[in-house]
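*Asks:* The sequence and its predicted three-dimensional model are supplied below.
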2 protein chains.
Amino acid sequence: MKKLKRSARLVEMTQYLLFRPHSLIPLTTFAERYNSAKSSISEDLAIIKEVFEEEGLGELHTLAGAAGGVKFSPKVPKETSLKFIQNLCLQLQQPERILPGGYLYMSDIMGQPQYLNEIGKTFASAFAGRDIDVIMTVETKGIPLAYATATYMNLPVVVVRRDSRVTEGSAVSINYVSGSNKRIQTMSLARRALKEESKVLIIDDFMHVGGTIHGMMDLLAEFKATVQGVGVFMESCEVEEHLVDQYVSLARLYGVDSKTKQITVEPGNYFDAKKGES
Amino acid sequence: MKKLKRSARLVEMTQYLLFRPHSLIPLTTFAERYNSAKSSISEDLAIIKEVFEEEGLGELHTLAGAAGGVKFSPKVPKETSLKFIQNLCLQLQQPERILPGGYLYMSDIMGQPQYLNEIGKTFASAFAGRDIDVIMTVETKGIPLAYATATYMNLPVVVVRRDSRVTEGSAVSINYVSGSNKRIQTMSLARRALKEESKVLIIDDFMHVGGTIHGMMDLLAEFKATVQGVGVFMESCEVEEHLVDQYVSLARLYGVDSKTKQITVEPGNYFDAKKGES
């Protein structure tokens, strides 16, 4: 690449880092890429670091030494996420969202990439620092959330299927009781989809009693995997007790009253004072 | 915001634009944000534009006048996409990907956010300039691709369900014949998920005969929607004729031979000389 001026180099490095979260980039990569001295690259990184931190985009870690380099960890401040979630809560309380059976319509919100990116960034911040190999979810509505989170964490995603007609070779199936309607259901994961002893972050859109997430945990035990965290976009607070006791929620549903057309949604346990996990 | 130096401003504007594709941003937004003169902002944008175009990230369009501003359209050059797809084709030809029944295992590749981003960017480039309101896909494997594309096009996604137990109010269901096994199947979409007369881009992971995509088109007709484009990651070339005749494919599967362990995958019609759609 031709020698770039500092101004062009800053633009180039900013996009390069943003698109490669959690990847260690040796300073020599930049130095060669721009035909510049390492000292200039270090000065550029200092400018980028300051803006990223001030803007709440994330952290830029510089590792010294031969194996060193720079790594961008997306991280959004809790107050920024809270403002975003409070706005979502208002939208989720619109009476026209009430569906027959007391369900809450939120597919339109989950269909907006901009919202998903914010949610993904928030989960990535909530679980930053944990040792995770892979993100797992179950079809269908958890999938976009899992991928949005995976993008910011630079991790692969595995999707558990809700039936056993998996066309991916030998699979492990388990039965579980869906909490809301007490029906016995099946979920499956292809053997080759997950390495044994993987460290897994479970992401899903909604937790009622927690039967589905509990099922995923049982399934993971079959793969000798360990659960490093559970993140749900919304938890139902209409149940007495959840089957899962360690999780991060971004929103809480207190009730959908079909009669009075009242829906109550509030920020989740991630925003509770003192603890990010309940 | 405090007055920023040009160097910091460039980093800030770069990330601001990258995270807001296809959004018109008035120059006054930047001028106020950085407490800078519009002339300085224009100079900054010229630098960013040059780097974005040289790097193959996309185009920066500046619209003059009172309603003017700047808009970033992600667009990746075809040669860059081709190199990426050629690499994927090599990976997809690994003999251990052959599944019972002659299926091809590609969930691991579809589980990598980095790959999905490249695919999404490629679809966004293939369909740039078309008038599209919404991206549609069918569960399950098309979902990550649809969202990756939607992120780069700044469009919402609707997901068609493969059954009729949709808990989202009144829904439209249609029957369709899945081409590969000739079975009659059902797909549904909630009435409220899609506005009538929407302009739709269909995205899916795999097209065999095209029965599923043809089904989606039938479903769209029920919503008086128009199909503005069809994009599939991989098309099967083992069939004599597809039920859909206008589509963009990124890869072609010529055959999975369980006996000789031979898989043949080549770049799709998007990379054909002269035409991007066949």
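*Replies:* Arrived safely.
*Asks:* Give me the below-cutoff pLDDT ranges for chain A.
*Replies:* A:1-2, A:164-166, A:179-180, A:274-278 (pLDDT under 70).
*Asks:* Quickly list the domain ranges of it.
*Replies:* A:6-74, A:78-271 (the TED database).
*Asks:* Can you tell me which of these is nearest to B:V160?
*Replies:* For those, the distance to B:V160 is smallest for domain A:78-271, at 10.2 Å, taking CB to CB. To be clear about C-beta, it is placed using only N, CA and C from the backbone, and glycine gets the same treatment.
*Asks:* could the domains of chain A go into CSV alongside mean neighbour count and distance to chain B?
*Replies:* As requested, these are exported to CSV (neighbours: other CB atoms under 10 Å in any protein chain shown; distance: least, CB to the nearest CB, whole Å):
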stretch, mean neighbour count, distance to chain B
domain A:6-74, 17, 4
domain A:78-271, 19, 4
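*Asks:* can you redo these as a markdown table with distance to B:Y247?
*Replies:* As requested, the domains of chain A are arranged in a markdown table below (distance: least, CB to CB, whole Å):
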| stretch | distance to B:Y247 |
| --- | --- |
| domain A:6-74 | 28 |
| domain A:78-271 | 23 |
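*Asks:* which residues in the stretch 101-250 of chain A form helices?
*Replies:* A:107-110, A:113-126, A:142-153, A:211-222 (DSSP state H, counting those that start in this stretch).
*Asks:* Switch those helices over to CSV; also include distance to B:T80.
*Replies:* Converted to CSV, the helices of the stretch 101-250 of chain A look like this (distance: least, CB to CB, whole Å):
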stretch, distance to B:T80
helix A:107-110, 31
helix A:113-126, 22
helix A:142-153, 20
helix A:211-222, 37
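*Asks:* Please name every helix or strand in contact with the longest helix seen in chain A.
*Replies:* Longest helix in chain A, counting residues (DSSP state H): helix A:38-55. Packed against helix A:38-55 by the contact rule (3 or more CB pairs under 8 Å, 6 or more residues apart in numbering or on different chains; DSSP states H and E) you find helix A:6-18, helix A:27-34, strand A:58-63, helix B:6-18.
*Asks:* Now do the shortest one and helix A:142-153, the angle between them.
*Replies:* For strand A:58-63 against helix A:142-153, the angle by axes from the mean of the first three to the mean of the last three CA atoms, to 10 degrees is 40 degrees.
*Asks:* mind listing what strand A:58-63 pairs with, with the direction of each?
*Replies:* strand A:69-74 (antiparallel) (DSSP bridges).
*Asks:* Please save the CA atoms from the strand it pairs with in PDB.
*Replies:* Presented in PDB, the C-alpha positions along strand A:69-74 are these (Å, rounded to 0.1, in the frame of the first residue of the first chain):
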ATOM      1  CA  GLY A  69      -0.300  -5.600  19.100                       C
ATOM      2  CA  VAL A  70      -3.600  -3.900  19.500                       C
ATOM      3  CA  LYS A  71      -7.100  -5.300  20.200                       C
ATOM      4  CA  PHE A  72     -10.400  -3.600  20.100                       C
ATOM      5  CA  SER A  73     -13.100  -4.800  22.600                       C
ATOM      6  CA  PRO A  74     -16.500  -3.300  21.800                       C
END
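*Asks:* need the contact list for A:I203.
*Replies:* If a contact means CB atoms under 8 Å, 6 or more residues apart in numbering or on different chains, then A:I203 has A:123, A:135-137, A:142, A:145-146, A:149, A:230-232 as its contacts.
*Asks:* any idea how far A:L155 is from it?
*Replies:* 11 Å (CB to CB, to the nearest Å).
*Asks:* Return every residue with contacts to both of these two.
*Replies:* Contacts common to A:I203 and A:L155, judged by CB under 8 Å, 6+ apart, are A:I135.
*Asks:* Not counting sequence-adjacent ones, nearest residue to A:A8?
*Replies:* Leaving aside its sequence neighbours, A:A8 sits nearest to B:V51 (CB to CB, 6 or more residues apart in numbering or on different chains; 5.2 Å).
*Asks:* Kindly reformat the contacts of A:I203 as TSV containing distance to A:A31.
*Replies:* Shown next, in TSV, are the contacts of A:I203 (distance: CB to CB, whole Å):
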residue	distance to A:A31
A:F123	34
A:I135	34
A:M136	39
A:T137	40
A:G142	42
A:L145	38
A:A146	36
A:T149	33
A:V230	42
A:G231	38
A:V232	44
